[in-house]
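> sharing a model that was predicted from the sequence below.
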2 protein chains.
Amino acid sequence: MPVMITIRDVARRLNLSITTVSRALDGYDDVAEETRRQVIEVAKEMGYTPNRAARELRRQRTDTLGYILPADKPQFADPFIAEFIAGLGDEAAANNFDLLVSTAPAESAQEKTLYQRWVQGGKVDGLVLNYTRLRDWRVQYLAGLKKPFVSLERSLDAVDFVGVEVDPGEGYAELIDYLIGMGHSRIAYVGGWRELKIQHDRFAAFERCLNSAAVQIDPTLVLEGDLTLEGGYQAVLRLLSLNRPPTAVVCVNDLTAIGALHAAHEMGLRIGRDVAVAGFDGIMGAAHTNPPLTTLDQPVYTIARKLVSLLLGLISGGEMPERQVRLQPKLMIRESTGGR
Amino acid sequence: MPVMITIRDVARRLNLSITTVSRALDGYDDVAEETRRQVIEVAKEMGYTPNRAARELRRQRTDTLGYILPADKPQFADPFIAEFIAGLGDEAAANNFDLLVSTAPAESAQEKTLYQRWVQGGKVDGLVLNYTRLRDWRVQYLAGLKKPFVSLERSLDAVDFVGVEVDPGEGYAELIDYLIGMGHSRIAYVGGWRELKIQHDRFAAFERCLNSAAVQIDPTLVLEGDLTLEGGYQAVLRLLSLNRPPTAVVCVNDLTAIGALHAAHEMGLRIGRDVAVAGFDGIMGAAHTNPPLTTLDQPVYTIARKLVSLLLGLISGGEMPERQVRLQPKLMIRESTGGR
DNA sequence: CTGTCTTTCCAAAACGGTTTGGATTATAAT
DNA sequence: ATTATAATCCAAACCGTTTTGGAAAGACAG
């Protein structure tokens, strides 16, 4: 670390008080224009940048947002997350906020410690939650401390919800209709951890659609994966080894579906003909799998930006024209289900 | 923000000085065991967590690392980045460091401001660089300020390099041998921005291999993309519309290659037969494109962790057994080039 | 009993900003 | 000439820690 240039150095050089330097740079109107000009010039010339820790300490805010990725496995690399973090980062940066990210297994002690360190230690002004659980301690914790936060999908906890929700209802109705139209009746579901709100909502929608089409759900065709490629691979390997295997597999997300493609390939099946596979997310690249993946597309990048924009509204504490955003995924039919 | 519990509150409750509370929690040996026990208990009960800004200010370090993604387009979403950030985050977290991320267009004023805010403002203890440029102002800037940093790929700037390098030489030799063995002689290259070290190294290796195999390089077959899917798509669309189109396309990264697949598909070509496509990176999912992508696989996640581990060594200032890591990518032959 | 160690604790000084509550001077109004 | 007003500036308090340099008290040795 080099010599640090403090506000004191700038003040000394100009024979001004640090107060005046501070106020000149912050644009207060009680400093003469000529003085301000000089301050700005000298500050720039000396390469002065206010120390963040000092400023944060005094101001009691950090201009920093936090996002903790709930990752069970250490090695987590979902394109969904890439897009999501990109959205968070871009929107934060556009508002001069920084984004702090970390990962911790869901419901672990590690997760609790990390949240505590950031929230009670005042490291962030607000947080973005993801992979919301049905009952989510994070929601209760943050709401209890009145710390600003937004989430993708609402938990069942009785707190007032600010965030984005994607309703799988209509999308699944379209998808299931389409699959049944293609002659499928043994339709499997590979989901995620059952405490996950998305798992709950999507599977519920799936069930509802099959019921209303009077198609039987075979419980042996419903498996729990873990949202990863590997999880989808293992689950579908099992499914396809059954005596009466499914003819279609609906997956809770695209990564699971890509694992499913892999498994079906390995079993020597022609995907789209012998077995249909569908995903959920519309990750970039889903259009380029082998074969291209039918999926329910949601605008992840935009959703992430929206979340940050909502969170910033919450932090600034003003009136919030909208606190909740609901949207529908869009069905993209591709060859993994036999195309049109 | 709720009432904040400070060290003063804990001290008051126990009739101790804040000094003692601080030292008890930090594990100094000049506090009685019984006292320490009480302090820890009460601190936990009151939910005390040291204020980060105050601690950072006093200690003059933040236990935070920074990574600024050079993204030209606001909307980047490279799986490579997802894996990279996952690696950075995991290794940082494993050492109780936080990771600050942001994005800024390469060489923009924005980028400079951001680095300055983080470095001179003392927001981070060290930085990870990526997409290193041949002459890289970031390298000069950080080296000049003696701020710890590591980079993936070394720039040509004369500073002492700590980081990871992936040498494309042998991998490309294998790949080109293989392509020539498959009968290709019109081989195109779709690269990235020419100031990029990876572009320079990879293209140089590509040229060298073709030369030593006495295969002509047609300059019209060498195009500059931008490392994105869209860039690869556009470039390959142009290539395949030439009077004498290439029979093989080598791409500087997997994303470009996936765009190439897309373009070839659209032109009605049978990939792997009419035209061969190869990438570089080995992103998760490359094995599942349509058709599966031949690529040079590098362990991105591991590289990222290694970078952080090197950076932490640099920050702690001790002896560093290794300062530079070199490794070779591994050729993965798949159907996009016709398989084996 | 005196002096020297240990053990245990603490007052006060940083760290580098921002903000409060004037002080000073010049200008305008009476 | 005096008073009110506006325009500039600044000393000092404050944010919540960590760390320095002892102080106090008890144990021990001579």
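Noted; the coordinates are in hand. Numbers count the residues shown, from 1 in each chain, chains lettered A, B, ... in the order given.
> now the helices for the stretch 1-150 of chain A?
Remark: helices assigned in the stretch 1-150 of chain A by DSSP state H, counting those that start in this stretch are A:7-14, A:18-26, A:33-46, A:52-59, A:79-94, A:109-119, A:137-144.
> most tightly surrounded among those helices?
Comparing these by mean neighbour count (mean count of other CB atoms under 10 Å in any protein chain shown), helix A:79-94 ranks first with a mean of 24. (Glycine included, C-beta is placed from N, CA and C.)
> which strands and helices sit next to that one?
If you count contacts as 3 or more CB pairs under 8 Å, 6 or more residues apart in numbering or on different chains; DSSP states H and E, helix A:79-94 packs onto strand A:64-70, strand A:98-104, helix A:254-266, helix A:300-316, helix B:79-94, strand B:98-104.
> same thing but 10 Å
Contacts defined by 3 or more CB pairs under 10 Å, 6 or more residues apart in numbering or on different chains; DSSP states H and E place helix A:79-94 against strand A:64-70, strand A:98-104, strand A:126-129, helix A:254-266, helix A:300-316, strand B:64-70, helix B:79-94, strand B:98-104.
> for residue A:158, give me its contacts.
Going by CB atoms under 10 Å, 6 or more residues apart in numbering or on different chains, residue A:158 touches A:139-140, A:143.
> what's the span of stretch A:149-160, first residue to last?
Counting by CA to CA, to the nearest Å, the length from the leading to the trailing residue of stretch A:149-160 is 11 Å.
> likewise stretch A:314-331?
By CA to CA, one end of stretch A:314-331 lies 33 Å from the other end.
> that older thread, which of the helices of the stretch 1-150 of chain A comes out lowest on mean pLDDT?
Ranked by mean pLDDT, the helices of the stretch 1-150 of chain A bottom out at helix A:79-94, with a mean of 92.
> CA atoms only: put it into CSV for me.
Extracted in CSV, the C-alpha atoms of helix A:79-94 (Å, rounded to 0.1, in the frame of the first residue of the first chain):
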residue,chain,number,x,y,z
PRO,A,79,-25.4,-19.7,-16.6
PHE,A,80,-28.5,-18.6,-14.8
ILE,A,81,-26.4,-17.2,-12.1
ALA,A,82,-24.0,-15.5,-14.5
GLU,A,83,-26.8,-13.6,-16.1
PHE,A,84,-28.3,-12.8,-12.7
ILE,A,85,-25.1,-11.5,-11.2
ALA,A,86,-24.5,-9.5,-14.4
GLY,A,87,-27.9,-7.8,-14.0
LEU,A,88,-27.3,-7.1,-10.3
GLY,A,89,-23.8,-5.7,-11.0
ASP,A,90,-24.9,-3.5,-14.0
GLU,A,91,-27.8,-1.9,-12.2
ALA,A,92,-25.8,-1.4,-9.1
ALA,A,93,-23.0,0.2,-11.0
ALA,A,94,-25.4,2.4,-12.9
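> for residue A:214, give its distance to residue A:180.
10 Å (CB to CB, to the nearest Å).
> please identify which of these two sits among more neighbours.
The neighbour comparison of residue A:214 against residue A:180 (other CB atoms under 10 Å in any protein chain shown) goes to residue A:180, with 17 against 7.
> I'd guessed that one sits against residue A:250; true?
No. At 11.8 Å, residue A:180 does not count as touching residue A:250 under the criterion of CB atoms under 10 Å.
> what is in contact with these two at once?
A:187, A:209-210.
> roughly how far apart are the residue nearest to residue A:112 when sequence neighbours are not counted and residue A:160?
Leaving aside its chain neighbours, residue A:112 sits nearest to residue A:137 (7.7 Å; criterion: CB to CB, 6 or more residues apart in numbering or on different chains). Plainly put, residue A:137 is 17 Å away from residue A:160 if you go by CB to CB.
> and residue A:297, by the same measure?
Distance, residue A:297 to residue A:160, by CB to CB: 29 Å.
> so which of those two has more stuff around it?
residue A:297 (18 against 8).
> need the nearest residue in space to the more buried one, chain neighbours excluded.
residue A:282 (2.8 Å).
> pLDDT score assigned to the one you found?
So, for residue A:282, pLDDT stands at 93.
> give the contact list for it.
A:80, A:83, A:254, A:293, A:295-300, A:329-332.
> now list the buried members of the residues you listed.
A:80, A:83, A:254, A:293, A:295-300, A:329, A:331-332 (16 or more other CB atoms under 10 Å in any protein chain shown).
> of those, which pair is most distant in space?
Farthest-apart pair in these is A:83 and A:331; separation 19.2 Å (CB to CB).
> which single residue of the stretch 201-340 of chain A approaches chain B most closely?
Per CB to the nearest CB, residue A:290 is where the stretch 201-340 of chain A lies closest to chain B, at 3.6 Å.
> need the helices of the stretch 1-150 of chain A in JSON lines (columns: distance to residue B:232).
Conversion of the helices of the stretch 1-150 of chain A to JSON lines gives the following (distance: least, CB to CB, whole Å):
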{"stretch": "helix A:7-14", "distance to residue B:232": "49"}
{"stretch": "helix A:18-26", "distance to residue B:232": "45"}
{"stretch": "helix A:33-46", "distance to residue B:232": "41"}
{"stretch": "helix A:52-59", "distance to residue B:232": "39"}
{"stretch": "helix A:79-94", "distance to residue B:232": "16"}
{"stretch": "helix A:109-119", "distance to residue B:232": "38"}
{"stretch": "helix A:137-144", "distance to residue B:232": "39"}
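> circling back: just give me the closest of the buried ones among the contacts of residue A:282 to residue B:336.
residue A:293 (17.3 Å).
> show me which residues of chain A sit near DNA strand C.
Chain A comes close to DNA strand C at residues A:4-8, A:18-19, A:22-23, A:25-26, A:30, A:48, A:50-51, A:54-55, A:57-59, as judged by CB under 7 Å from any atom of the strand.
> near DNA strand D, which of those show up?
Under the cut-off given by CB under 7 Å from any atom of the strand, DNA strand D has A:18-19, A:23, A:30, A:54, A:57-58 from the residues of chain A next to DNA strand C close to it.
> most surrounded residue in the shared contacts of residue A:180 and residue A:250?
residue A:187 (26 neighbours).
> list the contacts for the residue of the stretch 201-340 of chain A closest to chain B?
Contacts of residue A:290 were listed using CB under 10 Å, 6+ apart, and they are A:258, A:261-262, A:265, A:271, A:335-336, B:261, B:287-293, B:334-336.
> and if you look at residue A:285?
Residue A:285 sits next to A:79, A:254, A:258, A:293, B:77, B:79, B:229, B:254-255, B:258, B:283-286, B:288-289 when contact means CB under 10 Å, 6+ apart.
> now the strands for the stretch 201-340 of chain A?
A:222-224, A:248-251, A:276-278, A:295-297, A:324-327, A:330-332 (DSSP state E, counting those that start in this stretch).
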